[in-house]
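Participant: Sharing a model prediction with you, sequence too.
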Amino acid sequence: MFTGLVEEKGVLVARRPHGPGAVVHVRSTLKPLVLGESIAVDGTCLTVTKILPDGFEADVSAETLARTTLGALAGGAPVNLERSLALGARLGGHLVSGHVDDVCTLTARVPEGSALCLTFEFPPRLARFIAQKGSVAVNGVSLTVNVARGRTFDVTVIPHTSEVTSLATLAVGDAVNLEVDLLSRYVARLLEVGSQAAQAPDASADPAAHEASHAAWMDRLKRNGML
């Protein structure tokens with residue numbers, strides 16, 4: 001588990017094929033590293049398989065190569081790095097799993113004083129998870145959604161974040177890794193299951209009871225600020 005607060009900008013030194021997947025060499029000064037520990041590389045949770053004088057190596061599965069930007073990044077590209085959250089540490093960002101939902105594209109970047117407003121386009125299937133003032137992780141960076149409209153959302157990158165992450169180097173058209181808020185995923189699943197139960201009750205159940213149960217779940221979610 002991570003927080004989306006980047007510890008360091010590393011460098012993807014090289015990526016070499018390894019079976020259906022690959023091995024990546026990442027330059028980093030994070031220390032001390034431990035074999036088997038988890039590090040989020042541009043928001044993708046990877047396991048350290050070899051410790052090197054200038055960083056570490058990690059295996060990347062074929063699934064991860066296909067679903068994230070790690071399969072396309074060129075050697076020398078900057079990457080955001082974060083070690084896993086220590087139990088009891090301050091949670092400064094939001095809960096980030098390091099499991100990328102999809103790749104999205106930067107469609108606009110507009111300076112706002114010393115800050116930077118970035119607009120991203122995302123796949124339609126993720127629209128129900130992205131909300132105004134909700135949280136997202138972009139290349140492993142915890143950000144707050146300013147506005148969500150259609151298939152795009154805007155975020156503001158403050159000067160400190162520009163300095164310690166790679167977000168300020170993004171150009172229009174660049175692909176980034178997107179992870180939606182963990183809680184929104186579970187709320188959406190609860191609503192989906194509740195809706196299915198209400199629409200297709202089993203033969204032995206009372207339809208009115210299913211409707212009442214679904215309504216009760218919806219009311220509970222609303223009262224707790226989840227809708």
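Facilitator: That came in fine, so what should we check first?
Participant: Pull the number of nearby residues for Gly36.
Facilitator: Number of residues near Gly36 (other CB atoms under 10 Å) recorded here: 8. For the C-beta atoms, the positions are set from N, CA and C on the backbone; glycine is no exception.
Participant: Tell me which residues touch it, please.
Facilitator: Shown in contact with Gly36 (CB atoms under 8 Å, 6 or more residues apart in numbering): 47-49.
Participant: between these, which has the most around it?
Facilitator: Counting by other CB under 10 Å, top hit in those: Val48 with 22 neighbours.
Participant: That one - nearest residue in space that isn't next to it in sequence?
Facilitator: Leaving aside its chain neighbours, Val48 sits nearest to Phe56 (4.8 Å; criterion: CB to CB, 6 or more residues apart in numbering).
Participant: what are the phi and psi angles of the one you found?
Facilitator: phi -160, psi 170 (degrees, to the nearest 10).
Participant: just the helices in the chain please.
Facilitator: Using DSSP state H, the helices of the chain run over residues 62-67, 159-164, 182-199, 207-223.
Participant: Run through the protein and note the low-pLDDT ranges.
Facilitator: For the chain, the stretches flagged by pLDDT under 70 are 194-211, 213-214, 217, 221-222, 224-227.
Participant: Where do the strands of it begin and end?
Facilitator: Using DSSP state E, the strands of the chain run over residues 8-18, 21-27, 38-41, 44-52, 55-60, 77-83, 102-112, 115-121, 135-138, 141-149, 152-157, 175-180.
Participant: Quick one: closest of those strands to Val164.
Facilitator: Among the strands of the chain, the nearest to Val164 by CB to CB is strand 8-18 (6.8 Å).
Participant: Tell me, how many residues neighbour the residue nearest to Val48?
Facilitator: Phe56: 24 neighbours (other CB under 10 Å).
Participant: Does it touch Lys50 like I think?
Facilitator: Yes - when contacts are counted by CB atoms under 8 Å, Phe56 is listed as touching Lys50 (6.4 Å).
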